[in-house]
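A.B. asks: one predicted model, sequence on top.
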Amino acid sequence: MDDLAERIQRLGREARAGVGAGDLACLRRLKASTMAAEVLGRLLLHFSLDPWSWLLGALCLAYHFAVEAQLNHSIMHGAYAGIPGAGRFTPSRYESLALPFQSRTWGEAHAVHHANPSLLELDPDTVHPLFRVHAGAPWRPWHLLNTFLGAVLTFEIWAWDYDGFLKRAGRRPRRDRGELRKFLLFIGYQYVLFACLAGPRWKQVALGTLLAASVRNLIFTGLQTGSSVGRAVSAERARKRDTTVADWYRFQIETSKNFALNGIWRVLCGGLDRHIEHHLYPNLPPARLHALSPRVKELCERSAVRYEEHPSFWSSLSDSLAHLRALSLPRSPKTNHL
């Protein structure tokens with residue numbers, strides 16, 4: 001094992017040893033904020049008498065949906081496992097009606113993604129039917145809308161994409177209906193229950209829920225795309241990973257990218273702005289990733305490993321959209337893999 005791999009592992013061990021009550025307290029505060037936002041959003045959608053209070057209700061609900069997705073992401077990676085008092089905030093116990101698929105589905109599929117980032121067909125994030133992220137993937141007419149079509153329905157698509165991927169890979173029984181049950185439960189709770197409670201106002205409640213879910217989808221897809229899709233991260237390293245430990249870490253680093261966020265946005269992002277560190281240390285809470293980032297960047301510079309970091313979210317997203325836009329055409333530019 002070379003010096004880079006040894007130092008990366010040492011940083012991870014030190015950071016994980018420091019995870020504890022403070023990280024759990026941060027998680028609980030965010031969880032409390034999402035629950036409050038859900039209650040407020042539902043009340044505003046139900047009783048609003050003007051477009052502005054209705055819109056505020058939809059945005060409160062969108063906050064609930066979006067932050068719940070980020071919390072689920074960290075929890076499924078085991079970021080809080082082993083902390084005294086973590087309770088249900090562990091991969092085997094956590095579930096949320098803010099998501100249209102089972103938490104375990106995301107956890108299982110995402111583990112495969114982390115083992116094979118950007119590898120066409122091996123990474124479940126490369127086989128979503130509405131997105132085309134590789135020139136090697138077959139072109140379909142709807143890929144003309146490659147930059148936004150899939151983003152509108154991200155979580156609803158994942159409910160079936162991930163389930164199908166896990167079944168084809170033999171990681172889940174073909175007859176398993178858990179995903180269907182969770183999807184129907186989500187629809188029943190989010191769209192049917194509250195619409196029925198609203199009586200004659202059911203349309204404004206259902207429309208507000210749909211708007212909130214769409215906003216969540218766009219936000220999360222933007223964050224995920226901005227951290228893992230681009231000409232360099234999706235194409236230049238899109239090949240079979242190398243065999244040594246050092247090569248493995250290089251592969252993880254060079255198939256991700258970071259972008260800068262500040263203030264509350266850094267907290268709400270759930271660590272996706274430090275995606276490089278997340279792929280090196282997926283079981284660390286988001287705040288720990290930010291603390292490690294300068295040291296990881298320094299190690300990469302010493303070892304001549306490409307560490308892609310953008311000065312803003314919009315800069316990174318622009319790079320991602322340029323890549324998706326190029327792949328929206330039937331004759332996409334050829335890729336020269338490293």
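C.D. replies: Perfect, thanks for sending it. Numbers count the residues shown, from 1 in each chain.
A.B. asks: Gln102: neighbour count?
C.D. replies: 21 (other CB atoms under 10 Å). For the C-beta atoms, the positions are set from N, CA and C on the backbone; glycine is no exception.
A.B. asks: shouldn't it be in contact with Lys182?
C.D. replies: Yes - between Gln102 and Lys182 there is a contact under CB atoms under 8 Å: 4.7 Å.
A.B. asks: for Ala32, which residues are in contact?
C.D. replies: Neighbouring residues of Ala32 by CB atoms under 8 Å, 6 or more residues apart in numbering: there are none.
A.B. asks: give me the pLDDT for it.
C.D. replies: Looking at Ala32, its pLDDT is 97.
A.B. asks: distance of Ala137 relative to Ala304?
C.D. replies: Look at Ala137 and Ala304: by CB to CB, to the nearest Å, they are 31 Å apart.
A.B. asks: for Leu49, same thing?
C.D. replies: 62 Å.
A.B. asks: same question for stretch 77-94: list its buried residues.
C.D. replies: For stretch 77-94, burial by neighbour count (16 or more other CB atoms under 10 Å) applies to His77, Gly78, Ala79, Tyr80, Ile83, Ala86, Phe89, Thr90, Pro91, Tyr94.
A.B. asks: so which of these belong to helices?
C.D. replies: Members of the buried residues of stretch 77-94 lying in helices (criterion: DSSP state H): none.
A.B. asks: output these as TSV; include the columns pLDDT and distance to Thr154.
C.D. replies: Shown next, in TSV, are these (pLDDT from 0 to 100; distance: CB to CB, whole Å):
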residue	pLDDT	distance to Thr154
His77	95	19
Gly78	95	23
Ala79	96	22
Tyr80	96	25
Ile83	95	30
Ala86	94	28
Phe89	96	24
Thr90	94	25
Pro91	93	21
Tyr94	94	20
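A.B. asks: next step: those restricted to strands.
C.D. replies: Among the buried residues of stretch 77-94, no residue falls in strands (DSSP state E).
A.B. asks: and the helix or strand in which His323 is found, what other elements does it pack with?
C.D. replies: For His323, the host element (DSSP states H and E) is helix 313-326. Secondary-structure packing of helix 313-326 (3 or more CB pairs under 8 Å, 6 or more residues apart in numbering; DSSP states H and E): helix 202-228, helix 231, strand 258-259.
A.B. asks: give me the angle between it and helix 202-228.
C.D. replies: Per axes from the mean of the first three to the mean of the last three CA atoms, to 10 degrees, the angle that helix 313-326 makes with helix 202-228 is 90 degrees.
A.B. asks: on that earlier part again, Ala137 and Ala304: which is more packed in?
C.D. replies: The neighbour count for Ala137 versus Ala304, taken as other CB under 10 Å, is higher for Ala137 (18 against 8).
A.B. asks: can you tell me what sits against the lowest-mean-pLDDT helix or strand in the chain?
C.D. replies: When the helices and strands of the chain are scored by mean pLDDT, DSSP states H and E, helix 231 comes last with a mean of 84. The contact list for helix 231, computed with CB under 8 Å, 6+ apart, reads Asp319, Ala322, His323, Ala326.
A.B. asks: quick check on these: which are buried?
C.D. replies: Neighbour-count burial (16+ other CB under 10 Å) is assigned, among the contacts of helix 231, to Asp319, His323.
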